[in-house]
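*Asks:* Sequence and predicted structure, then a few things I'm wondering about:
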Amino acid sequence: MIECAVWWSEPVLESEAMLALLDPPERIRYDSYRRVEDRRRFLTGRVLAKTVAADRLGLSPDAIHFDATCTDCGKQHGPVRVPDAELGLSISHAGDRVGVAATSGAAVGLDVEAVGRPVDDSLIAYALNSAEHATLPSAPEARTQAFFTFWTRKEAVMKATGRGLRIPLRSLVLSKATEPARLLTSDDSALSPHTTRMADLDPGPGYRAAVAVITTDEIDITERWWSPASSESRQ
Ligand SMILES: CC(C)(COP(=O)(O)OP(=O)(O)OC[C@H]1O[C@@H](n2cnc3c(N)ncnc32)[C@H](O)[C@@H]1OP(=O)(O)O)[C@@H](O)C(=O)NCCC(=O)NCCS
């Protein structure tokens with residue numbers, strides 16, 4: 001059984017203590033966001049990920065320095081990893097939700113989405129193949145919910161591979177949105193149903209989220225909420 005911990009937070013207000021945890025490339029990214037909400041989501045994701053990593057590795061958050069090298073261009077905007085540590089990490093943010101998933105080494109992908117935005121036919125055609133499309137309910141509300149269930153499951157799987165949306169969304173066929181999350185087939189050699197486990201999560205009303213782990217074992221998921229105050233009181 002592979003254990004996977006998922007932590008949720010709302011975007012937090014900046015503080016000197018939090019900003020001090022950012023390494024220089026992270027500070028450059030933080031400063032480059034024009035909108036305050038983007039800055040806060042980014043800061044919260046990195047601080048939460050450092051807090052979770054530190055807790056699991058028996059270190060303090062300021063001892064965690066992520067390598068987030070993008071395999072395409074070398075910039076520091078790829079998936080985060082702690083060099084030389086047996087730790088799988090994935091960060092996701094949307095609206096008022098920031099999440100971090102962690103495992104003891106298995107590759108993991110997390111995705112959260114706000115379900116408010118409209119789902120038109122072109123978005124459905126971009127993300128779902130015809131087998132999945134045929135399973136969508138026709139009632140608008142149920143259709144939107146089902147679409148975002150597919151979307152978050154797919155993005156979680158793609159993030160677990162470390163390639164993200166470089167894998168075409170339509171190259172995967174997933175189980176129906178009303179059934180437990182499962183990869184049925186994949187056209188991409190990086191993924192196979194035998195080594196892909198996933199589950200839906202509960203990020204609260206108005207959001208949908210899923211996590212995927214690359215493993216042949218079953219997965220055991222715990223979800224918790226984080227607040228910086230409770231974290232400080234634990235240190
Ligand atoms: C990863 C990706 C799916 C993120 O989608 P999103 O819905 O906008 O963002 P989310 O909030 O869910 O995830 C953001 C996190 O994904 C992680 N991430 C970035 N690239 C990733 C990848 N290839 N695989 C897995 N995770 C990745 C980062 O940790 C990021 O957190 P950060 O903002 O603290 O750096 C999407 O950006 C992607 O597919 N990127 C790779 C392809 C690409 O555009 N490359 C450009 C290279 S030059």
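*Replies:* Okay, I see it. The structure presented is a predicted model; accordingly, all values stated were derived computationally and were not measured. Numbering: from 1, shown residues only.
*Asks:* Give me the local confidence score for whichever residue of the chain sits closest to the ligand.
*Replies:* Closest contact between the chain and the ligand, by Cβ to the nearest ligand atom, is at G164 (2.4 Å). C-beta: built from backbone N, CA, C; applies to glycine. At G164, the model reports a pLDDT of 88.
*Asks:* What residues does the chain have near the ligand?
*Replies:* Residues of the chain lying near the ligand by Cβ under 6 Å from any ligand atom: 42, 45-46, 68, 70, 72-73, 77-80, 91-93, 111, 155, 159, 162-166.
*Asks:* What about these, which are in helices?
*Replies:* Applying DSSP state H to the residues of the chain next to the ligand, the entries found in helices are F42, G45, R46, E155, K159.
*Asks:* Quick one: residues contacting the closest residue to the last one other than its chain neighbours.
*Replies:* Think K159. Spatially, and ignoring its direct neighbours in sequence, K159 is nearest to G109 (3.1 Å; Cβ to Cβ, 6 or more residues apart in numbering). Residues in contact with G109, defined by Cβ atoms under 8 Å, 6 or more residues apart in numbering, are S90, A101, E155, A156, V157, M158, K159, A160, T161, V211, A212, V213.
*Asks:* Tell me which two in the ones in helices among the residues of the chain next to the ligand are the farthest apart.
*Replies:* By the measure Cβ to Cβ, R46 and E155 form the most distant pair in those, at 19.5 Å.
*Asks:* Point out where the protein drops to low pLDDT.
*Replies:* Applying pLDDT under 70 to the chain flags the ranges 230-235.
*Asks:* residue boundaries of the strands in it?
*Replies:* With strands called from DSSP state E, the chain shows them at 2-9, 88-94, 97-103, 108-114, 172-174, 183-186, 196-200, 207-214, 219-225.
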